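Asker: when you get a sec, could you give me coordinates for this:
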Amino acid sequence: MNTVASTRSSTAAVTQAREVERLIAGQATSDGAGVKLTRVLTQPLQRRLDPFLMLDAFGTDNPEDYIGGFPDHPHRGFETVTYMIAGRMRHRDSAGHEGLLQNGGVQWMTAGRGVIHSELPEQEEGRMEGFQLWLNLPAKDKMTAPWYRDIQSGDIPEFTTTEGVKVRVIAGESHGVAGAVQREATQPLYLDLHLPDGARFEQGLPAEHNAFVYVYRGEVQVGETAVPVQRMAILKNQADRDGVVLQAKGETRALLIAGQPLNEPIAQYGPFVMNRQEEIFQAVADFKAGQFAA
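Answerer: Coordinates of the predicted model:
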């Protein structure tokens, strides 16, 4: 386990904490071959939470809800970040990458100019739970070569604060601990927080970054707002605020996600995300012509 041996101070020098702008309840839906999930970050929120395009949460003990998986499908113009809390999923793609996503691991894929991939369960029973986040690419990188990395659970940096909060740093940096992945253009912060009852956690955030919290166990207090389980709290953007403070109400697990907005046009058609409609037409044409296959 890539765990930082010493505990870190619970204080990250947050002098003026952000407040909650609003709470979002996800929309129940299905994707792939009938996989049931909750779409937490939906298309109408893309501009507000730029550079993030989508967040899906999935979690079930019923194999019928996930057994079909996600057969071959294309992507262009963004990155997918899949975080598996429980379960086993096999990834294969047209760029020749293959990997097994399992308990506590992350699959980070840059679709770039185009890739076809599949994500299929390697289990017929038990629980499957996790999240998939879509992270936009800047215009200059949308046609980059596809890239893929499997990050096993033991390779995700972790530390524990003096208040007992375990922090898994998937991307960005927290309390001096660098995450498994860094991105210059979007500067994503992706933390999985495990908070004991009553524990407090502070995280510094640049004022211009968009940020949100998603609670998947328990409940947290952010300023004056209680954020219950299965709710996303969009944090206000305020020039005089330098971070966020969370306090657990009961044993709690939550994602804290933030990033530098690209402030570029967004044109989306299903699994293709570009800047202009003409680029979407080209993406569809390229896919139909088999140009994603190699």
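Asker: mind pulling up the pLDDT for residue 3?
Answerer: At residue 3 the predicted local confidence, pLDDT, stands at 55.
Asker: repeat for residue 124
Answerer: 89.
Asker: am I right that it falls within a helix?
Answerer: No - assessed with DSSP: H, G, I helix; E, B strand; the rest coil, residue 124 is coil; it does not lie in a helix.
Asker: apart from its neighbours in sequence, what residue is nearest it?
Answerer: Sequence neighbours aside, residue 63 is the residue nearest to residue 124 in space, at 5.9 Å (criterion: C-beta to C-beta, 6 or more residues apart in numbering). In short, each C-beta sits where N, CA and C put it, glycine included.
Asker: now that neighbour: phi and psi?
Answerer: phi -60, psi -30 (degrees, to the nearest 10).
Asker: let me see the contact set for it.
Answerer: 121, 123-126 (C-beta atoms under 8 Å, 6 or more residues apart in numbering).
Asker: how does it look with 10 Å?
Answerer: 121, 123-128 (C-beta atoms under 10 Å, 6 or more residues apart in numbering).
Asker: wait, which of those residues is closest to residue 194?
Answerer: Among the contacts of residue 63, residue 127 lies closest to residue 194 (C-beta to C-beta), at 17.5 Å.
Asker: check what pLDDT that closest one gets.
Answerer: Residue 127 is given a pLDDT of 95.
Asker: swap in residue 178?
Answerer: The model's pLDDT for residue 178 equals 97.
Asker: what's the burial count for residue 197?
Answerer: Using other C-beta atoms under 10 Å, residue 197 has 12 other residues around it.
Asker: find the residue closest to it in space, skipping its chain neighbours.
Answerer: residue 250 is the one closest to residue 197 (C-beta to C-beta, 6+ apart), at 5.2 Å.
Asker: what of residue 206?
Answerer: residue 260 (7.4 Å).
Asker: isn't the one you found right up against residue 49?
Answerer: No - between residue 260 and residue 49 there is no contact under C-beta atoms under 10 Å: 11.9 Å.
Asker: more neighbours: which of those two?
Answerer: A count of neighbours by other C-beta under 10 Å puts residue 49 above the other of residue 260 and residue 49, at 22 against 19.
Asker: now that one, what's its secondary structure?
Answerer: Under three-state DSSP, residue 49 comes out as coil.
Asker: contacts only, for the residue nearest to it when sequence neighbours are not counted.
Answerer: Distance criterion C-beta to C-beta, 6+ apart; nearest residue to residue 49, sequence neighbours excluded, is residue 210 at 5.0 Å. Residues counted as contacts of residue 210 (C-beta under 10 Å, 6+ apart) are 45, 47-52, 234-235, 237, 257-261.
Asker: please apply the same query to residue 47.
Answerer: Per C-beta under 10 Å, 6+ apart, neighbours of residue 47: 210, 261, 263, 265-266.
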